[in-house]
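A.B. asks: The amino acid sequence is not available; the structure is as follows:
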Ligand code: HEM
């Protein structure tokens, strides 16, 4: 058989893997008709539609999108990056949970993670830098949307959902900040909690509720932990689902300018 | 013969039966060639001549004429039936032949249309689509591969960047938390440092709560309802762009001051002289 270029391979079907595997009963039970991983996929307009339509991706993407919307220079993929960072943070975060107890042991657990767990340091770093990056990227996404005027009718409400997402992202990051239970964590959170205590009328109550006491203790640690690994992720996933759904219902990506 | 779906066959048989005044079974049998055709089946040509008839068209001009007629005088009852019949039986009989059909004797059919006009041209209705598109067609491309491939590539690039960053930058871990030792200065996470900086200028009730809550949450959420300008071309919304840029510059400046230029006692320091007073940025480089 003659050697195929990459492009020809793509046209013909998924690169490499043999037809025997791709045509097997097992493989065809996994990949729905139209999947490029299925035997006999060829590059045709019909199959291109099926790739999306017969796929769980159809819940995120329509079959066709505006031509200008796929230009990287329009969205800069910032919304997609926010979502992707959230996924990475979820995966690394679950992994970190195996080695972490939100008690007096928290600090020792982090130390042990860094020194005696394979890839512990790397995964912790990914989780931390990824979180900082997500705050930044969400903020940039918001700025991109603003500069494109993409919050205008009919997308007003999606902007409101976006603002909620921004605050949820900040809360997620802030609650996570306490968990290593070192001097940096406890005092940064104390400063943040003090800001909340300046709320008129309810200030003291808000701080008390947030800290589970008058100051940051291990009770605060447990509270922040639950908020960080359960409550806020749960809420943010719901709002993300609404956000993506609205992007499509509002007529896809905005523009062109 | 080509296979004609049963339901279509039945429908045209019904039409034929109605036109010729025979039973459906009979029509069906004729169409299947099981019985000889009923005699009236020369009929259609007469009708077609009639319909297309400008004053005197003696020549029965079958097919093309029929087409013209259809275009000009919409006769909703007969066209669909006629079409089907034509398609399936060699000798079609449009539904609209009752007058002639009743006479039952083909010899009596009058070939002079002026006498037996059963229809008149009342008006010419322009052909229009019955559905109207309300939105402009947009230039679209397939999501696969035109969107999903770039997405996948950006995703991989982001992943590579994050792994590389995490391999060279060590996340800070100071001494264990101790409520009795307050660091000086105590700084919030960087995204709150602009706020903390603002807090040092104004009354904390304003800076600590009013700014994040009122401006941040409510003010930002209200932007689409405040900005009634429908344009999204940058040159037509200079004011909005100016305001947001001011906000970005202000927030950015406050954050940078908070991160780099504030030292013990929240006094002004220069990072190149006094060092960086922000633990999140210290202990960074990972030499291993
Ligand atoms: C967790 C945070 C967020 C995620 C995962 C997210 C995700 C996305 C994605 C994937 C899109 C599709 C277009 C694109 O990639 O730019 C999008 C569009 C949009 N986002 Fe977000 N977003 C987030 C936060 C925000 C914030 C903070 C705002 C504004 C305050 C916002 C407002 C919008 C609007 C108005 C659109 C429609 C833009 C258009 O049609 O051009 N989003 N978002």
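C.D. replies: Arrived safely, thanks for sending. Keep in mind that this is a model prediction, so the values were computed, not measured. Numbers count the residues shown, from 1 in each chain, chains lettered A, B, ... in the order given.

A.B. asks: number of nearby residues for residue B:261?
C.D. replies: The number of residues packed near residue B:261 is 16, by other CB atoms under 10 Å in any protein chain shown. Backbone N, C-alpha and C define where each C-beta goes, glycine included.

A.B. asks: Assess the claim that it and residue B:271 are in contact.
C.D. replies: Yes. Residue B:261 sits in contact with residue B:271 when judged by CB atoms under 8 Å, with a separation of 6.9 Å.

A.B. asks: Please identify the helix or strand for residue A:143.
C.D. replies: helix A:120-147 (DSSP states H and E).

A.B. asks: Please name every helix or strand in contact with that helix.
C.D. replies: Judged by 3 or more CB pairs under 8 Å, 6 or more residues apart in numbering or on different chains; DSSP states H and E, helix A:120-147 is in contact with helix A:78-97, helix A:106-116, helix A:156-177, helix B:148-168, helix B:238-260.

A.B. asks: and the second one with chain B, contact?
C.D. replies: Yes. Shown here: helix A:106-116 in contact with chain B (CB under 8 Å from any CB of the partner chain) through A:107, A:110-111, A:114.

A.B. asks: rewinding a little: could you give the mean pLDDT of the helix holding residue A:143?
C.D. replies: Here helix A:120-147 scores 96 as its mean pLDDT.

A.B. asks: right, is it up against the ligand?
C.D. replies: Yes. Judged by CB under 6 Å from any ligand atom, helix A:120-147 comes into contact with the ligand at A:138, A:141-142, A:145.

A.B. asks: Looking at those, which is nearest residue B:155?
C.D. replies: Closest approach to residue B:155 among the residues of helix A:120-147 next to the ligand (CB to CB): residue A:141, at 15.1 Å.

A.B. asks: and residue B:190, how many neighbours?
C.D. replies: Counted with other CB under 10 Å, residues neighbouring residue B:190 total 20.

A.B. asks: Surely residue B:141 is in a helix?
C.D. replies: No. The assignment for residue B:141 by DSSP: H, G, I helix; E, B strand; the rest coil gives strand, which leaves it out of any helix.

A.B. asks: Got the domain ranges for the chain?
C.D. replies: In the absence of a named chain, this looks at chain A. Per the record, chain A has its domains at A:20-53, A:69-249, by automatic domain parsing.

A.B. asks: nope, chain B please
C.D. replies: If you go by automatic domain parsing, chain B breaks into B:6-116, B:185-288.

A.B. asks: near chain A, which residues of the stretch 1-150 of chain B?
C.D. replies: Counting by CB under 8 Å from any CB, the stretch 1-150 of chain B sits next to chain A at B:138-148, B:150.

A.B. asks: list the contacts for residue A:212?
C.D. replies: A:219-220, A:222-223 (CB atoms under 8 Å, 6 or more residues apart in numbering or on different chains).

A.B. asks: hang on, I meant residue A:233
C.D. replies: A:90, A:172.

A.B. asks: again, but for residue A:125
C.D. replies: B:165-167, B:169-171.

A.B. asks: can you rerun that using 6 Å?
C.D. replies: B:166, B:171 (CB atoms under 6 Å, 6 or more residues apart in numbering or on different chains).

A.B. asks: coming back round to it: most surrounded residue in the residues of helix A:106-116 next to chain B?
C.D. replies: In terms of neighbours by other CB under 10 Å, the residues of helix A:106-116 next to chain B top out with residue A:110 at 23 neighbours.

A.B. asks: Spatially nearest residue to that one, not counting backbone neighbours?
C.D. replies: residue A:180 (4.9 Å; CB to CB, 6 or more residues apart in numbering or on different chains).

A.B. asks: Could you dump the contacts of residue A:212 into CSV and include pLDDT?
C.D. replies: Shown next, in CSV, are the contacts of residue A:212 (pLDDT from 0 to 100):
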residue, pLDDT
A:219, 94
A:220, 95
A:222, 96
A:223, 96
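
A.B. asks: Filter these down to the buried ones.
C.D. replies: Neighbour counting with 16 or more other CB atoms under 10 Å in any protein chain shown marks A:220, A:223 as buried within the contacts of residue A:212.

A.B. asks: overlap between the contacts of residue A:212 and the residues near chain B?
C.D. replies: When CB under 6 Å from any CB of the partner chain is taken as the criterion, no member of the contacts of residue A:212 contacts chain B.

A.B. asks: Which members of the contacts of residue A:212 occur in strands, if any?
C.D. replies: With DSSP state E as the criterion, strands contain none of the contacts of residue A:212.

A.B. asks: is it true that residue A:253 touches residue A:70?
C.D. replies: No. Judged on CB atoms under 6 Å, residue A:253 makes no contact with residue A:70 at a distance of 8.8 Å.

A.B. asks: helices or strands up against the helix or strand hosting residue B:13?
C.D. replies: Residue B:13 is located in helix B:6-20, with elements delineated by DSSP H and E. Contacts defined by 3 or more CB pairs under 6 Å, 6 or more residues apart in numbering or on different chains; DSSP states H and E place helix B:6-20 against helix B:24-31, helix B:78-88.

A.B. asks: one more time with 8 Å, if that's ok
C.D. replies: Taking 3+ CB pairs under 8 Å, 6+ apart as the contact cut, helix B:6-20 packs with helix B:24-31, helix B:78-88, helix B:98-103.

A.B. asks: For residue A:224, see how far away the closest residue to residue A:86 other than its chain neighbours is.
C.D. replies: In space, and not counting its chain neighbours, residue A:86 is closest to residue A:134: 6.6 Å by CB to CB, 6+ apart. The gap separating residue A:134 from residue A:224 is 18 Å, by CB to CB, to the nearest Å.

A.B. asks: residue nearest the centroid of chain A?
C.D. replies: Closest residue to the average C-alpha location of chain A: residue A:86 at 1.9 Å, with CA atoms, centre = their mean.

A.B. asks: going on from the lowest-mean-pLDDT helix or strand in chain A, what's the next piece of helix or strand?
C.D. replies: Ranking every helix and strand in chain A by mean pLDDT, DSSP states H and E puts helix A:6-12 at the bottom, with a mean of 68. Next helix or strand after helix A:6-12 toward the C-terminus (DSSP H and E): helix A:19-22.

A.B. asks: in that next one, what's buried?
C.D. replies: Applying 16+ other CB under 10 Å to helix A:19-22 flags residue A:22 as buried.

A.B. asks: My understanding was that the residue nearest to the centre of chain A contacts residue A:232; is that so?
C.D. replies: No. Residue A:86 is beyond contact range of residue A:232, at 11.1 Å (criterion: CB under 8 Å).

A.B. asks: just checking, what packs against the helix or strand harbouring residue A:48?
C.D. replies: Using DSSP H and E, residue A:48 maps to helix A:45-53. Here helix A:45-53 touches strand B:140-142, helix B:143-146, going by 3+ CB pairs under 8 Å, 6+ apart.

A.B. asks: Just the residues contacting that helix, thanks.
C.D. replies: Counting by CB under 8 Å, 6+ apart, A:32-36, A:41, A:58, A:61-64, B:142-145, B:148 sit against helix A:45-53.

A.B. asks: The same query, at a cut-off of 7 Å, please.
C.D. replies: The contact list for helix A:45-53 (CB atoms under 7 Å, 6 or more residues apart in numbering or on different chains) reads A:33-36, A:41, A:58, A:61, A:63, B:142-144.

A.B. asks: Quick check: mean pLDDT of the next helix or strand after it?
C.D. replies: Using DSSP H and E, the next helix or strand after helix A:45-53 towards the C-terminus is strand A:64-66. On average, the pLDDT along strand A:64-66 is 87.

A.B. asks: Many thanks, we can stop here.
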